[in-house]
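Q: sequence plus predicted model, see below.
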Amino acid sequence: MADRIWDTPEITGWRRVTAHAIRRDLDGSDRRLPLDGTWRFQLLDHPEQAAGDDWTGIRVPGAWTVQEAGGADLPHYTNVTMPWPGAPLRLPEHNPTGVYERDVDVPAAWAGRRIVLHVGAAESVLLARVNGVEVGWGKDSHLASEFDITAAVRPGETNTVRLTVVKWSDASAIEDQDQWWHAGLTRSVFLYSTGPTYLGDLRTVADRDGSLRVDVRVLGTGPVLPGGWRVTVTLDGRPVPLDTAHEQRQIDVDRVSDWWAEPRFSTVVPDVVPWSDETPALSTLDVVLHDAGGAELDRTQIRIGFRTVAIAGRDLLVNGVRVMIRGVNRHDFDPRTGRTVTAEQMRADLVLMKRHGFNAIRTSHYPNDPVLLDLADELGLYVVDEADIEAHDHAHEIADDVRYLPAFVDRVARMVSRDRNHPSVIIWSLGNESDYGANHDAAAGWLRRADPTRPLQYEGAIKDDWTGGLTGSDIVCPMYPTLAQIVEHARSGEQNRPLIMCEYSHAMGNSNGTLADHWAAIETTPGLQGGFVWEFWDHGILQRLSDGRPAGPSSSEHWTDGVAESGYRWAYGGDFGDSPNDGTFCADGLVFPDRTPKPAMDEHRELASPIRLSDAGEGKVRIVNRSAFRDLGWLNAAWELDGSLLPLTLPELGPRQEAVIPAPASGGDPEAEQWLTLRVSVGADQPWAPAGTEIARPQVRLRPEQRTLARRSGATGNSRPAEVDDDGLLVHAVFAAAPRLSLWRAPTDNDRIGGSAARWLRLGLADPVRRVTAIRREADRTVVDAVYETAAGLVLHRQTSRDFGPVICVQEEVTLPVGLDDVPRVGTVFHLGPGLESMSWYGHGPRDTYPDRHAGGPVGEHSCRIDDAFTPYLRPQESGGRHGVRRLRLTGPDLPAVELTMDQPRQVSVTRFTAADLDRATHHDELIPRPETVIHLDAAHRGLGTASCGPDTLPQYLLKADTYHWEWTLT
């Protein structure tokens, strides 16, 4: 064994089994012995320290950084910067090392058989011993290490397995992904046995035309591969014939101990249903190895799908059809275990994705748990399978460093060897954010020869030139380009490959603005084919406030609807004393740590709807089937109009066909605004949703509002001047705090990281000094002129108010000076007294919507509890807004209802928190709801954008220096 293997850039131990696609994790109990559970454990300060007799218990699988046994070695979050300074191979003196040990009763029936130790994942270096004998070592934190331990095991007796895991190594520098640093055994551990002659590997190629090729590798451990063996292959119980034209090879590997042979089987299966995201048809392939007498020596079973992936010009084709990639980046994550996930959890992830219109996953930034690919095959999701290579902090040095060349090639090769039989995998990725160098080209060369059936991609190869990097990427896969950049490239005449963004629309906090604008451009611009939202999860770790430690894998759930319960919180970078850290940057997902969807998920669901509606005029609507492979027969639909549901038989439309159909007869108030909504649901059970599951609500407006504000609010008849105090502030019993001008919002993560929040504070927008310049009481109104002092000049505000008895009507006019060309909001803020509990409104909803993110909130009548109107982002920020609100009603027990009516659709929020409350808090548990209700009514509100990582909102969603008018009534 090499000395100090943890800082030597080598990649495999001497008895490590070559990566393969044989699924031993699915073997029957007589051939597999699970070792998950409680192990003896010691945490040492460094790998040279000897283990003693002081053992504690630890759960496997699971990182020690989230368990009590991990002591002071807690999770550490960085995005780019390594946790210690200096060159990649200069490791820290303190290098936590975990020693795992347990006793194993190996069945006596395994005597004479080959025995293998499988360690699903270990971070970062694994050293294995059995009965005191060193059996191998390995690196790569996200792929399994297997060791042939036959010579060290005593079947029929109790054996001791010791696994030593070293946290930091040379490999850490190429595992510098945007995620928590953990350590330990994070996937399952087990033993399995085979005969001396066994199935060593399996490769399938199944094309959409039904052609099938199966290559089977048979291995033997003796000096001679036994004669008379044979392999049989069946597909759904039907034999697949041996390809007699293919020469069967039997090769002496080292002329001493190991042999291998390779038979090939091929056939053409008639009438196959091609596999796709929409039609994930799978067949069961059984491969059995027999001895000379016909007895079974070994077997494996996998599920395959017939499909073809190709690139034609600027298009990525699946089964010959151009498909849209509606993807999301995904980590293996759990708020209690860190990285250990169960099959049930992974299924829940993918089901949630499918129900919100996602059809693709990028396994950021390493091969995910292999069960995820089984589920993607079954449920129908395309996968970009990404190698465990990210050298973010040392990218330039490592990309061309020959010492890391074997690791680059090995990590790509082992991923491909494991996952090549999955139909869901349509693209290979060489890794992430590691610059671009010779090491990438070497890995790409191996991959292209080993698997020519799929394209490969790597963002680093194209980041400086979207027409270059052809060796390293078959796809232009940029990271956070602007919308203008991708459209310009597609129209330039220079595009030479498909453009599919590997990361876009950064989902940090209240985010994902302009997603609808992106998809409007993608769907109408040839050459653009979608992308992968960053990312699925908020990586908040459940933390006990009593001692500041992770709650741990054995804790029961302590959360509801995204919020950690009292005594717990979602921890992010720095909360465990980790330094350096990147703070909240790990909280950048479409779902909260407990998998509760954020409002941005609603946006994607609607944009990905399989049906699109538009107004065709003359009382008709156009309906479009946006699917790539199937007709509308799998869907049910009903019209929603004027609060009633009307059944609809969908027209018979094939993929991407459209039809014009009559809209249902409209009724109701002929002067009221009217929207027609199509409620689309699953008509027959899908593997990801039972029949009846709603998946979209496309809308079309049939009629605009025909009435004035006064008529809608009941503000008619004679009026008198509204009452104001000496400061010109409205006086009314309903106000706990009088209406004032608001130019500021509690900064979103995008505002903070993108730099806007700092600019707004420098301008003095959070609490500008107000001076009244005039108060005039006229015959039927009160006019108050005021100025607000900012660093860019004076903001002029005129408020005109009239009292109609039960109705107060307020007109507002604000002029921003030239220097205020980008403010977060222009509007009115006031507080209503305690006791209000519920709200209902007509506008977008039911959840948060904003000017650049409201496609997922259909217009209509909505209601909720006021306490539920706020979205609990991990770091409190602007939240709870509803876009396009026409009218709002607030109620509480034993209180008269309060009604607000707007002159036109406006941005409104109703919460228990002021903007200052939200800004002061760093975690949700620090917020104390106020008894009163805080109302923001905005004439204009800035878009959200994604500026924490990527483009800000588009120009049309910015607030320029101008004069703003708005009018509202309170009843």
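A: The structure has been received and is ready for your questions.
Q: got the contact list for residue 404?
A: 9, 170, 174, 391, 398, 439 (CB atoms under 8 Å, 6 or more residues apart in numbering). For glycine as for every other residue, the C-beta is placed from the backbone atoms N, C-alpha and C.
Q: by neighbours, which of the residues you listed wins?
A: residue 174 (30 neighbours; other CB atoms under 10 Å).
Q: shouldn't that residue be in contact with residue 406?
A: No: look at residue 174 against residue 406 with CB atoms under 8 Å: they stay out of range, at 11.5 Å.
Q: most remote residue from the middle of the protein, which is it?
A: Distance from the centre of the chain peaks at residue 779, with 59.3 Å (CA atoms, centre = their mean).
Q: hey, where'd the helices end up in this protein?
A: 343-355, 370-379, 395-399, 405-419, 438-450, 459-462, 483-491, 515-524, 599-607, 709-713, 749-754, 756-763, 915-920 (DSSP state H).
Q: in JSON lines, list those along with mean pLDDT and distance to residue 137.
A: Listed next are the helices of the chain as JSON lines, based on pLDDT from 0 to 100; distance: least, CB to CB, whole Å:
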{"stretch": "helix 343-355", "mean pLDDT": "98", "distance to residue 137": "28"}
{"stretch": "helix 370-379", "mean pLDDT": "98", "distance to residue 137": "22"}
{"stretch": "helix 395-399", "mean pLDDT": "94", "distance to residue 137": "21"}
{"stretch": "helix 405-419", "mean pLDDT": "97", "distance to residue 137": "14"}
{"stretch": "helix 438-450", "mean pLDDT": "98", "distance to residue 137": "22"}
{"stretch": "helix 459-462", "mean pLDDT": "98", "distance to residue 137": "29"}
{"stretch": "helix 483-491", "mean pLDDT": "98", "distance to residue 137": "45"}
{"stretch": "helix 515-524", "mean pLDDT": "98", "distance to residue 137": "46"}
{"stretch": "helix 599-607", "mean pLDDT": "98", "distance to residue 137": "42"}
{"stretch": "helix 709-713", "mean pLDDT": "87", "distance to residue 137": "74"}
{"stretch": "helix 749-754", "mean pLDDT": "98", "distance to residue 137": "40"}
{"stretch": "helix 756-763", "mean pLDDT": "97", "distance to residue 137": "48"}
{"stretch": "helix 915-920", "mean pLDDT": "97", "distance to residue 137": "50"}
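Q: looking at the ones you listed, which is closest to residue 638?
A: Nearest of the helices of the chain to residue 638, taken as CB to CB: helix 599-607 at 16.8 Å.
Q: now do that closest one: which elements does it pack against?
A: helix 515-524, strand 694-696 (3 or more CB pairs under 8 Å, 6 or more residues apart in numbering; DSSP states H and E).
Q: rewinding a little: now the helices of the chain as JSON lines including distance to residue 307?
A: Formatted as JSON lines, those follow (distance: least, CB to CB, whole Å):
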{"stretch": "helix 343-355", "distance to residue 307": "18"}
{"stretch": "helix 370-379", "distance to residue 307": "10"}
{"stretch": "helix 395-399", "distance to residue 307": "33"}
{"stretch": "helix 405-419", "distance to residue 307": "15"}
{"stretch": "helix 438-450", "distance to residue 307": "19"}
{"stretch": "helix 459-462", "distance to residue 307": "25"}
{"stretch": "helix 483-491", "distance to residue 307": "26"}
{"stretch": "helix 515-524", "distance to residue 307": "23"}
{"stretch": "helix 599-607", "distance to residue 307": "24"}
{"stretch": "helix 709-713", "distance to residue 307": "55"}
{"stretch": "helix 749-754", "distance to residue 307": "38"}
{"stretch": "helix 756-763", "distance to residue 307": "45"}
{"stretch": "helix 915-920", "distance to residue 307": "48"}
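Q: out of those, nearest to residue 501?
A: Here helix 483-491 is closest among the helices of the chain (CB to CB), at 7.3 Å.
Q: can I get the CA coordinates of the closest one in PDB?
A: Taking Å, rounded to 0.1, in the frame of the first residue of the first chain, the C-alpha atoms of helix 483-491 are listed here in PDB:
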ATOM      1  CA  LEU A 483     -31.800  36.000 -22.400                       C
ATOM      2  CA  ALA A 484     -30.400  38.400 -25.000                       C
ATOM      3  CA  GLN A 485     -27.200  36.400 -25.300                       C
ATOM      4  CA  ILE A 486     -28.900  33.100 -26.100                       C
ATOM      5  CA  VAL A 487     -31.300  34.600 -28.500                       C
ATOM      6  CA  GLU A 488     -28.500  36.500 -30.300                       C
ATOM      7  CA  HIS A 489     -26.400  33.400 -30.600                       C
ATOM      8  CA  ALA A 490     -29.300  31.400 -32.000                       C
ATOM      9  CA  ARG A 491     -30.000  34.200 -34.600                       C
END
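Q: which residues touch it?
A: In contact with helix 483-491 (CB under 8 Å, 6+ apart) are residues 314, 466, 476, 478, 495, 499, 501, 514, 517-518, 521, 525-528, 951, 954.
Q: now that helix: buried residues?
A: 483, 486-487, 489-490 (16 or more other CB atoms under 10 Å).
Q: how far off helix 515-524 does it point, in degrees?
A: Calculated by axes from the mean of the first three to the mean of the last three CA atoms, to 10 degrees, helix 483-491 forms an angle of 0 degrees with helix 515-524.
Q: chain center to helix 483-491, what's the gap?
A: Distance, stretch centre to chain centre, for helix 483-491: 25 Å (CA atoms, centre = their mean, to the nearest Å).
Q: which residue is the nearest non-sequential neighbour of residue 607?
A: residue 519 (4.8 Å; CB to CB, 6 or more residues apart in numbering).
Q: neighbours of the one you found, just the number please.
A: 22.
Q: can you check the one 10 residues further on too?
A: When neighbours are counted by other CB under 10 Å, residue 529 registers 22.
Q: show me the shaky parts of the stretch 1-150 of the chain.
A: 1-14 (pLDDT under 70).
Q: residue 475 and residue 446, how far apart?
A: Distance of residue 475 to residue 446, given as CB to CB, to the nearest Å: 19 Å.
Q: more neighbours, these two?
A: Just comparing residue 475 and residue 446: by other CB under 10 Å the higher neighbour count belongs to residue 475, 25 against 16.
Q: help me confirm that that one comes into contact with residue 497.
A: Yes: at 5.7 Å, residue 475 counts as touching residue 497 under the criterion of CB under 8 Å.
Q: give me the common contacts of those two.
A: What both residue 475 and residue 497 touch, as defined by CB under 8 Å, 6+ apart, is the set residue 311.
Q: can you tell me who residue 60 pairs with across the strands?
A: residue 37 (DSSP bridges).
Q: how about it, what does it touch?
A: 35-39, 100, 185, 189.
Q: how far away is the nearest residue to residue 478 once chain neighbours are set aside from residue 278?
A: Distances taken as CB to CB, 6+ apart place residue 501 nearest to residue 478, at 5.7 Å, with adjacent residues excluded. Distance, residue 501 to residue 278, using CB to CB: 22 Å.
Q: looking at those two, which one has more neighbours?
A: residue 501 (27 against 17).
Q: and that one, how far is that from residue 304?
A: Distance of residue 501 to residue 304, computed by CB to CB: 30 Å.
Q: could you do residue 597 as well?
A: 32 Å.
Q: follow-up on the earlier one: what's the closest of the buried residues of helix 483-491 to residue 211?
A: residue 490 (34.0 Å).
Q: what's the spacing between residue 969 and residue 220?
A: 86 Å.
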